[in-house]
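J.: Got a sequence here, can you build the structure:
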Amino acid sequence: MGDFWVFGYGSLMWRPGFAHTETHRARLMGYRRALCVRSHVHRGTPDRPGLVLGLDRGGSCLGLAFRVPDDLSGEVMAYLRERELVTNVYLEKRLPVRLDSGETVSAVTYVVDRQHLQYAGQIDVDEAARAVSGAVGQSGANEDYVLNTLEHLRALGIRDHWLERVGERVRTVQAAPRPVP
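T.: Residues are numbered from 1 along each chain as shown. Take a look at the predicted model:
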């Protein structure tokens, strides 16, 4: 297989979980970061699903690309498939990403399967904030997932205006007084 690249747009950026020899900022064209996957285990339940990130068609996405050495290819691909393909809501693809050096490389990328039952479709900021607010799963509160993602993106110097607006709405809901039972 040779050395290969992996593109991260969400938690893979700050918690890749695999050995790599290089990291570059990278842009993937034709896909955008979106809260477009219904989570009914990690950030929600079947009765109250939350939303997690996926790469959906349209626009572009700034993330990180990781170079993986050839001798770790089997180990890293097994890890990525176990991590990303649990419910098969993502499709594994090799797509061109442009590194901050100007070089274009082919990278293993996980994009949302629009035919999957967990695909939430294109939703607006208010609908996303409503779905996130109050959803809790095995990995914790959905609000924490969104706000933590935004903190990590900010630390990496990556702006995602749509996700930032969702985060603002979520913070507004969190700050609102709750009725006393």
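J.: Identify each buried residue in stretch 63-78, please.
T.: Residues 63-68, 72, 76-77 are the ones in stretch 63-78 that count as buried (16 or more other Cβ atoms under 10 Å). For glycine as for every other residue, the C-beta is placed from the backbone atoms N, C-alpha and C.
J.: Low-confidence bits of this protein, can you list those?
T.: Scanning the chain for pLDDT under 70 picks out the ranges 1, 176-181.
J.: in which helix or strand would I find the closest residue to Lys93 other than its chain neighbours?
T.: For Lys93, the nearest residue in space outside its immediate sequence neighbours is Thr109; the separation is 5.3 Å by Cβ to Cβ, 6 or more residues apart in numbering. With secondary structure defined by DSSP states H and E, Thr109 is part of strand 104-112.
J.: what helices or strands is that strand leaning on?
T.: strand 4-8, strand 22-39, strand 50-68, helix 73-84, strand 90-99 (3 or more Cβ pairs under 8 Å, 6 or more residues apart in numbering; DSSP states H and E).
J.: Apply 7 Å and report the result again.
T.: strand 4-8, strand 22-39, strand 50-68, strand 90-99 (3 or more Cβ pairs under 7 Å, 6 or more residues apart in numbering; DSSP states H and E).
J.: CA atoms of it as CSV?
T.: What follows is strand 104-112, C-alpha atoms only, in CSV (Å, rounded to 0.1, in the frame of the first residue of the first chain):
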residue,chain,number,x,y,z
THR,A,104,-2.5,17.3,-3.3
VAL,A,105,-2.6,13.8,-1.9
SER,A,106,-5.1,11.0,-1.8
ALA,A,107,-6.4,10.5,1.7
VAL,A,108,-8.6,7.9,3.4
THR,A,109,-11.7,9.8,4.3
TYR,A,110,-15.0,8.8,5.9
VAL,A,111,-18.1,10.5,4.4
VAL,A,112,-21.7,10.1,5.4
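J.: From the rest of the structure, what touches the very next helix or strand once past that strand?
T.: Moving toward the C-terminus from strand 104-112, the first helix or strand encountered (DSSP H and E) is helix 125-132. Among residues not part of helix 125-132, those counted as contacts by Cβ atoms under 7 Å, 6 or more residues apart in numbering are 35, 50-51, 142-143, 146, 162, 165-166, 169-170, 173.
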